[in-house]
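Trainee: below is the sequence, then the predicted model.
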2 protein chains.
Amino acid sequence: MEVKPDVGACDGPVAVHAREILGRVGDKWSLYVIAHLGTETKRFTELKKEIEGISQRMLTVTLRGLERDGLVSRTVYPVMPPRVDYALTPLGRTLLDAVGTLVTWVETHLGEVIESRARYDARAREEAALAAR
Amino acid sequence: MEVKPDVGACDGPVAVHAREILGRVGDKWSLYVIAHLGTETKRFTELKKEIEGISQRMLTVTLRGLERDGLVSRTVYPVMPPRVDYALTPLGRTLLDAVGTLVTWVETHLGEVIESRARYDARAREEAALAAR
DNA sequence: CTGTATCCGTACTGATACTG
DNA sequence: CAGTATCAGTACGGATACAG
């Protein structure tokens, strides 16, 4: 796929709003929620269990944001105990490709990034030691 | 492309570190810097001018982070006035696809997201007004 | 079960001023 | 030109308690 090297270089409406959208998609949890939902329908507690480390609050906040943006649908069943289903909307499902690409990239190149960090930090420590003299 | 619906569902090392990597890639500015660099080499000020709204500090911080992760190379020319060139490394260039997919998605679906937000907010206001009685 | 409300520490951010 | 240093405001994120 061809990459557009000049996102936002033009100052049209797209550039103006692009950041807040990426802010949603790129925030700490949204990508995880989207990836975990995939094409399935899941309940609140299912997501909570599967997405390791997310707090109840953050899951709620993230789901609300995604719902507001039309990426996730929320279905409440008025039963006791309550039951709420979440699923990607058609719009949300169009994001799966992009998310999948990113996730695959991370899985593929994670090792290289970690090694690069280690090298960088080692070099930084050396230079700091040198400068101390 | 096939999406893996269960990122992090397994609790291996990938799941452990995936978030910090996505944290780098998905932070407020990294995607912009990567997209703007593309396959070109650019100077600090060029990037500063092209990426609307970024502060000098944040551009520095972002570039340092990307350099640490091995995604961006930094070349200093010891001349007066100083000149520093930035470019994507081969590793960084492998990210262009993923970034491009996301950027394209945003450009394509931005309108739908904004409309959805407007609808959601309008509905929320109605319900708030109803509840006030 | 699926939330909401609140508190509180921290990390991020931008503005500003200064340097080689 | 290309940074670094500092500081103050804010938004975020987690823990906890409580409710429908």
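Mentor: Sure, I can see it.
Trainee: number of residues surrounding residue A:110?
Mentor: Around residue A:110 sit 17 other residues, with neighbours defined as other CB atoms under 10 Å in any protein chain shown. For glycine as for every other residue, the C-beta is placed from the backbone atoms N, C-alpha and C.
Trainee: can you tell me the element it falls in?
Mentor: Taking DSSP states H and E as the criterion, residue A:110 maps to helix A:96-131.
Trainee: how about that helix: buried residues?
Mentor: Using 16 or more other CB atoms under 10 Å in any protein chain shown as the test for burial, helix A:96-131 gives A:96-106, A:109-110, A:112-114, A:116-117, A:120.
Trainee: and if you look at stretch A:82-96?
Mentor: For stretch A:82-96, the neighbour count (16+ other CB under 10 Å) marks A:86-89, A:91-93, A:95-96 as buried.
Trainee: secondary structure, distance to DNA strand D and pLDDT added to the residues you listed, as a markdown table?
Mentor: Listed next are the buried residues of stretch A:82-96 as a markdown table, based on DSSP: H, G, I helix; E, B strand; the rest coil; distance: CB to the nearest atom of the strand, whole Å; pLDDT from 0 to 100:
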| residue | secondary structure | distance to DNA strand D | pLDDT |
| --- | --- | --- | --- |
| A:86 | strand | 16 | 98 |
| A:87 | strand | 20 | 97 |
| A:88 | strand | 20 | 97 |
| A:89 | coil | 22 | 97 |
| A:91 | helix | 22 | 95 |
| A:92 | helix | 19 | 95 |
| A:93 | helix | 24 | 95 |
| A:95 | coil | 18 | 90 |
| A:96 | helix | 21 | 91 |
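Trainee: and the residue of chain A closest to DNA strand C?
Mentor: Residue of chain A nearest DNA strand C, by CB to the nearest atom of the strand: residue A:45 (3.0 Å).
Trainee: helix or strand for that residue, which one?
Mentor: Taking DSSP H and E as the criterion, residue A:45 maps to helix A:44-50.
Trainee: residue A:84 looks like it's in a helix, true?
Mentor: No: assessed with DSSP: H, G, I helix; E, B strand; the rest coil, residue A:84 is strand; it does not lie in a helix.
Trainee: toward the C-terminus, what is the element adjacent to the lowest-mean-pLDDT helix or strand in chain A?
Mentor: For chain A, scoring each helix and strand by mean pLDDT, DSSP states H and E identifies helix A:13-25 as the least confident one, at a mean of 58. Remark: after helix A:13-25, the chain's next helix or strand is helix A:30-37, criterion DSSP H and E.
Trainee: that following helix vs DNA strand C: in contact?
Mentor: No: applying CB under 7 Å from any atom of the strand, one finds helix A:30-37 out of contact with DNA strand C, separated by at least 12.1 Å.
Trainee: would you mind listing what in chain A touches DNA strand D?
Mentor: Going by CB under 7 Å from any atom of the strand, the residues of chain A near DNA strand D are A:23, A:27-29, A:53-58, A:61, A:81-82.
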